[in-house]
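Novice: kindly generate the corresponding structure for this input.
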Amino acid sequence: MRAGRIKGLIMRVLVIEDDPDLGAWLRATLTQALGPCDLVTSLEDARAAIAVAAFDLVVIDRQLPDGEGMSLIGELRALRPQPGTILLTALDDPEEIASALDGGADDYVGKPFEPAELIARMRAVLRRLSAARDTVIRVGNLRFDSVQRSVHRDDMPIVLPRRELALLELLARRAGRVVMREALEGAVYCFDDDIQSNALDSHVSRLRRRLREADCDVVIRAVRGVGYMLSAP
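Specialist: Predicted coordinates for the structure are as follows:
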């Protein structure tokens, strides 16, 4: 089955699954349906991933080589913005499901599962989280809608490529503060992307130009050797 991308949205997904075949299938399917998807195979790698990148959705296998997937839920719920969480497992006992949901998971899908049902459940989780968030970020005359992933100068739409959009979202969320290069690279690239040494600077340069051409009154300043900061007069 080919899953259609959610109209207007580009999400970032983390899959934590140690089965190589299922992990590869999930990554391909969720990339097609939702957006960029990273795959890790252990809790240790998952913690390293969420330390450097912001995810909209995290899909977790219950039984991982280095522990119980449920142990990660509390850490994910403490993140801001908080990602949606879905557990995938062959443990389909009703008490296990109740325990997972009471423990903070947003949903629980038993293996085997139908692709259409999995994608529908993911969409439902993302809709619920989006409704609970302050979705519009304003900096100067720039407006960023984090649900629709849309950018406006006043009422005029600004069309940005995916990576520049991800870059702008992180800068806008932390407007007035310096954002480290490592955090920006984590927002813009998947972990297995081949990143050239000046790639981030090139994206920032293009983003600056697009915002300037759209008459946005925001400024992206470089802090040499550290990162970038978005601010408005």
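Novice: pop the domain breakdown of this protein in here.
Specialist: Following automatic domain parsing, one gets these domains for the chain: 13-132, 136-231.
Novice: please enumerate the helices of the chain.
Specialist: 20-33, 43-52, 73-77, 94-102, 115-132, 162-173, 181-188, 199-213 (DSSP state H).
Novice: was I right to think residue 76 contacts residue 59?
Specialist: No. Assessed by Cβ atoms under 8 Å, residue 76 is found out of contact with residue 59, at 11.3 Å. All C-beta spots, glycine's among them, are computed from the backbone N, C-alpha and C.
Novice: more crowded one of these two?
Specialist: residue 59 (26 against 20; other Cβ atoms under 10 Å).
Novice: low pLDDT regions in the protein?
Specialist: For the chain, the stretches flagged by pLDDT under 70 are 1-10, 91-92, 130-134, 147.
Novice: any idea which residue sits dead centre in the protein?
Specialist: Nearest to the geometric centre of the chain sits residue 55, at 2.7 Å (Cα atoms, centre = their mean).
Novice: that one and residue 233, how far apart?
Specialist: Counting by Cβ to Cβ, to the nearest Å, the gap between residue 55 and residue 233 amounts to 33 Å.
Novice: same question, residue 143
Specialist: 16 Å.
Novice: which of those two has more neighbours?
Specialist: Set side by side, residue 143 and residue 233 show more neighbours around residue 143, with 20 against 7, by other Cβ under 10 Å.
Novice: the helices of the chain into JSON lines, with extra columns for distance to residue 139?
Specialist: Shown next, in JSON lines, are those (distance: least, Cβ to Cβ, whole Å):
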{"stretch": "helix 20-33", "distance to residue 139": "30"}
{"stretch": "helix 43-52", "distance to residue 139": "24"}
{"stretch": "helix 73-77", "distance to residue 139": "27"}
{"stretch": "helix 94-102", "distance to residue 139": "37"}
{"stretch": "helix 115-132", "distance to residue 139": "20"}
{"stretch": "helix 162-173", "distance to residue 139": "5"}
{"stretch": "helix 181-188", "distance to residue 139": "16"}
{"stretch": "helix 199-213", "distance to residue 139": "10"}
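Novice: deepest-packed of these, please.
Specialist: Greatest average neighbour count among these goes to helix 162-173 (a mean of 20), per mean count of other Cβ atoms under 10 Å.
Novice: right, and residue 64 touches residue 40 too?
Specialist: No. In this structure residue 64 lies outside contact range of residue 40 using Cβ under 8 Å: 9.5 Å.
Novice: pull up the overlap in contacts between those two.
Specialist: Residues touching both residue 64 and residue 40 (Cβ atoms under 8 Å, 6 or more residues apart in numbering): residue 16.
Novice: thought residue 180 was touching residue 227?
Specialist: Yes. With contact defined as Cβ under 8 Å, residue 180 reaches residue 227; the gap is 4.5 Å.
Novice: these two: who's more crowded?
Specialist: A direct count of neighbours by other Cβ under 10 Å for residue 180 and residue 227 places residue 227 higher, at 21 against 14.
Novice: and the more buried one, what are its bridge partners?
Specialist: Beta-bridge partners recorded for residue 227 (DSSP bridges): residue 180, residue 223.
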